[in-house]
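Student: Have a look at this prediction, sequence included:
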Amino acid sequence: VLMACNRREDLLPIMSNYGALHASLCGGDRGQYQIGPELGFGWAVGDALNRHKGDKVLLMKIAWGGKSLAEDFRPPSSGGTVGPYYESMIANVKATLANITGYFPNDAAGRPVKLSGFAWHQGWNDGCDLNMTSTYEYNLANLIRDVRLDLDVPDLPVSIGASGMAGNEPGRRADIVAAQMAVSDPTKYPEFVGTVAT
């Protein structure tokens, strides 16, 4: 399993860290030896694909902490100003795919590249504001549609990591989790059936 991540505070579409997936490659702040959810996720996906197909797996971690979906990652279909982190996320994916052999010359040369999934694990900052919380579901559904459109993968599988914030206590945090669960509800979003899971 290969990993590339932006680990930068600016919005330039540059993967500053890349290599074989291991703890501390892309988790925590510089100089810290931490992991994020990508480590276990990467191992599980890598084991499943390598066991059956011999495929190489590349995880692209494009993340900035302390950002909202309502403003920072605001998708184009939500109207208003498109979030600068949304634009940078899309630019990072496109730039990485365009330069895949530059990052991984021994693993990517001569291999077809397919964008196979998108994982979203965010929500804390939107839960800090009542207006952001009330529009989270709308913005999340638009994010899924817009990512698929902007990356030209109409049925891109999407996995939403439900935020386990403060348990199940009623309030804004629980409303964010409910919105995350709602986008995979086939009665509310039949267009996402079989391709979006929370």
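Tutor: That came in fine, so what should we check first? Numbers count the residues shown, from 1 in each chain.

Student: Which parts of the chain are helices?
Tutor: 38-52, 84-98, 100-103, 105-108, 130-134, 136-150, 172-182 (DSSP state H).

Student: Can you say which of those is nearest to residue 190?
Tutor: Residue 190 lies closest, by C-beta to C-beta, to one member of the helices of the chain: helix 136-150, at 11.9 Å. Heads up, the C-betas are built off the backbone N, CA and C, glycines and all.

Student: Going by contacts, tell me the helices and strands next to that closest one.
Tutor: Using 3 or more C-beta pairs under 8 Å, 6 or more residues apart in numbering; DSSP states H and E, the elements in contact with helix 136-150 are helix 84-98, strand 118-120, strand 158-160, helix 172-182.

Student: Just send those back as TSV, with mean neighbour count, mean pLDDT and distance to residue 109 too.
Tutor: As requested, the helices and strands packed on helix 136-150 are exported to TSV (neighbours: other C-beta atoms under 10 Å; pLDDT from 0 to 100; distance: least, C-beta to C-beta, whole Å):
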stretch	mean neighbour count	mean pLDDT	distance to residue 109
helix 84-98	18	94	14
strand 118-120	18	93	25
strand 158-160	19	95	29
helix 172-182	19	92	38
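
Student: between these, which one is nearest to residue 59?
Tutor: strand 118-120 (8.8 Å).
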